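Chemist: Here's a sequence, model it:
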Amino acid sequence: MSSADDLASLLLVPENGSNSQVAQIAHRQELIVKWGGIPPGAKVLELGCGQGDCTIVIADLVGENGSVDAVDPAPPDYGKPWRTSKWAHLSNI
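Modeler: Numbers count the residues shown, from 1 in each chain. Okay, here's the model as predicted:
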């Protein structure tokens, strides 16, 4: 599992918001482990993905042989999963 700092660096957040993003990612990592984990190679459907902070944690866990389909029913101007050049190596999203 990648560190919360490494995963947070892949998300689009204001520079002054990076500490809170690291804490949120670390919390999501803890929850996933507590609930039994997600095995490498898994195929995951994430409903209500928001801006994708949990999506990136799941993608890290499933690895290159897994996949994550993340959708959010909110209108596009409310928030959406971001796909940036920093995510280029995460082809499973």
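Chemist: Check the secondary structure at the residue nearest the centre of the chain for me.
Modeler: Taking C-alpha atoms, centre = their mean as the criterion, residue 56 is the residue nearest the geometric centre of the chain, at 1.8 Å. At residue 56, secondary structure determined by DSSP: H, G, I helix; E, B strand; the rest coil is helix.
Chemist: what's the distance between it and residue 25?
Modeler: The gap separating residue 56 from residue 25 is 7 Å, by C-beta to C-beta, to the nearest Å. No exception for glycine: its C-beta is placed from N, CA and C like everyone else's.
Chemist: which residues do those two both contact?
Modeler: By C-beta atoms under 8 Å, 6 or more residues apart in numbering, residue 56 and residue 25 have these common neighbours: residue 7.
Chemist: per-residue confidence averaged over the lengthiest helix in the chain?
Modeler: The single longest helix within the chain, with elements called by DSSP state H, is helix 18-34. Across helix 18-34, pLDDT averages out at 89.
Chemist: which is the next helix or strand following that helix?
Modeler: As assigned by DSSP states H and E, the chain's next helix or strand after helix 18-34 is strand 43-47.
Chemist: looking only at pLDDT, what's the mean for that following strand?
Modeler: 95.
Chemist: Make 7 the first number, not 1, from now on.
Modeler: Yes, from this point I'll number from 7; that puts the last item at strand 49-53.
Chemist: what are the pairing partners of it, and which direction each?
Modeler: strand 73-77 (parallel) (DSSP bridges).
Chemist: Could you give me the buried positions within the strand it pairs with?
Modeler: Across strand 73-77, burial judged by 16 or more other C-beta atoms under 10 Å covers 73-74, 76.
Chemist: One more: stretch 61-75?
Modeler: 61-68, 72-74.
Chemist: just those now: which is nearest residue 44?
Modeler: residue 67 (4.5 Å; C-beta to C-beta).
Chemist: got a list of what the nearest residue to that closest one once chain neighbours are set aside touches?
Modeler: Once flanking residues are discounted, residue 67 sits nearest to residue 44: 4.5 Å by C-beta to C-beta, 6 or more residues apart in numbering. By C-beta under 8 Å, 6+ apart, the residues touching residue 44 are 38, 50, 64, 67-68, 72.
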